[in-house]
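Engineer: Give me a 3D structure for the following:
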Amino acid sequence: MTILVTGATGTVGQHVTELLVQRGSSVRALTRHPERAKAKLPEGVEIAAGDLMKPETLKEALQGIEAMFLIISSDEPHADLYTDPQVIALAEAAGVKRVVVLVGYEEGIVEETLRASGMQWTLVKPAEFMANVLADWGETIRTEGVVREFYGDALSARVHEGDIAAVAVEALLGRGHHGRSYPLTGPEALTRRETVRAIAAAAGKDIPFIELTEEEARQQWRDQGYDEESVDFFVQIAKNPPEAGYTVLPTIEQVLGRPARTFAEWAEEHKRMFLS
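Structural biologist: You can find the predicted model right below:
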C-alpha cells in the first residue's frame with residue numbers, strides 16, 4: 001500500500017513519514033518545496049510536488065495512492081496555507097480508500113466533505129503541540145536565558161508530536177478507526193511556569209520566568225506583526241483557555257496501548273535546542 005503524506009516535512013508529518021517507513025510502508029511525500037524536502041526525509045521516500053491550496057497540482061501525486069495523511073493548515077508561524085476541500089473529491093476519484101486528517105483548532109468544510117465521501121476517515125484532533133515551545137520561547141532561552149510570557153498560570157495539556165503521529169499511523173494502517181474522532185492530549189496539564197521549569201531541568205540551567213503584564217504582552221504581539229483582533233484573541237485564550245486544551249484524556253493510551261509521553265520526556269529529547 002502506498003500512502004501519501006501531506007505536510008511531510010512539518011512537525012507531525014515528518015514523524016508520520018518516519019513511522020510509516022519503519023513499519024515497511026511505501027510513502028509518497030507531498031511538499032510545496034521538493035528541493036528542500038529530500039534532506040529531511042528518510043531514504044526511500046518518494047517526493048512529489050503539490051500544493052493543497054491548488055488541487056489541480058495533486059492529480060499526479062494521488063495516482064496509485066490507497067491511503068492519505070492530510071493536514072488542514074500549516075503549523076509554521078504566520079504561514080498562509082489552507083486545504084482546499086476539492087482535495088477530498090480528487091482523492092476519492094483517484095481511488096484513495098482511507099484518509100486520516102490532522103484537524104486544526106476546530107472542524108471545517110474539509111472535514112465535512114470527507115464525512116460525506118465514500119472513503120474511510122479518521123480525525124486526529126490534538127491539543128497544543130509540545131513543539132510549540134520552541135517557536136514561542138526557544139530563541140529567548142538560547143540568547144537571554146529567560147522566558148517572558150503573559151499569564152504564567154495558564155494550563156495546557158500539551159501533546160508530544162510523535163504521539164500524534166503514532167495515532168495517525170495506527171489509523172492509517174490498522175483496523176477499527178473508520179468514523180472515529182480522536183482528541184489527543186498529553187498525560188498532564190502544566191502551567192506555563194511549570195513548563196519552563198521542565199525545560200530548565202532538562203537543559204541543566206536556570207531559566208527565570210518573567211511574567212508580562214497584559215499591556216506588555218499586547219505590545220509584544222503587535223511588534224510581532226499581529227493585528228488587534230488577533231491580540232485580543234491571544235489575551236482571552238490565555239485568561240480563559242478552552243477546557244479541551246487542558247483536560248487530560250486517555251485517548252493516546254487507548255489507541256496505542258501505551259501511555260502518552262510527558263513534557264519532561266519531550267524536553268529531555270530536545271534539550272540541545274535550548275542551549276546557546
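
Engineer: Any stretches of the stretch 51-200 of the chain with poor pLDDT?
Structural biologist: Applying pLDDT under 70 to the stretch 51-200 of the chain flags residues 73-81.

Engineer: and with 90 instead?
Structural biologist: 72-83, 104-108 (pLDDT under 90).

Engineer: Tell me the secondary structure at Ile164.
Structural biologist: With DSSP: H, G, I helix; E, B strand; the rest coil as the basis, Ile164 sits in helix.

Engineer: just checking, it touches Thr185?
Structural biologist: No: using Cβ atoms under 8 Å, Ile164 is not in contact with Thr185; the gap is 10.3 Å. No exception for glycine: its C-beta is placed from N, CA and C like everyone else's.

Engineer: Overlap in contacts, the two.
Structural biologist: Residues touching both Ile164 and Thr185 (Cβ atoms under 8 Å, 6 or more residues apart in numbering): Pro126.

Engineer: per the record, what domains does the chain have?
Structural biologist: Annotated domains of the chain cover 1-126, 127-160+185-276 [automatic domain parsing].

Engineer: what's the most buried one of those domains?
Structural biologist: Greatest average neighbour count among the domains of the chain goes to domain 1-126 (a mean of 18), per mean count of other Cβ atoms under 10 Å.

Engineer: now it, how far from the centre of its chain.
Structural biologist: 13 Å (Cα atoms, centre = their mean, to the nearest Å).

Engineer: Show the end-to-end separation of that domain, please.
Structural biologist: Using Cα to Cα, to the nearest Å, one end of domain 1-126 lies 26 Å from the other.

Engineer: Tell me which stretches of this protein form helices.
Structural biologist: Applying DSSP state H to the chain gives helices spanning 13-22, 34-37, 86-94, 109-115, 132-143, 161-173, 192-203, 214-223, 228-239, 251-256, 263-269.

Engineer: okay if I get those helices as TSV plus distance to Lys125?
Structural biologist: TSV is the format used below for the helices of the chain (distance: least, Cβ to Cβ, whole Å):
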stretch	distance to Lys125
helix 13-22	15
helix 34-37	26
helix 86-94	18
helix 109-115	10
helix 132-143	16
helix 161-173	9
helix 192-203	21
helix 214-223	26
helix 228-239	17
helix 251-256	9
helix 263-269	19
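
Engineer: nearest to Ala67, of those?
Structural biologist: Nearest to Ala67, of all the helices of the chain, is helix 161-173, at 5.1 Å by Cβ to Cβ.

Engineer: of all the helices of the chain, which lies closest to Leu102?
Structural biologist: Proximity to Leu102 (Cβ to Cβ) singles out helix 161-173 among the helices of the chain, at 6.8 Å.
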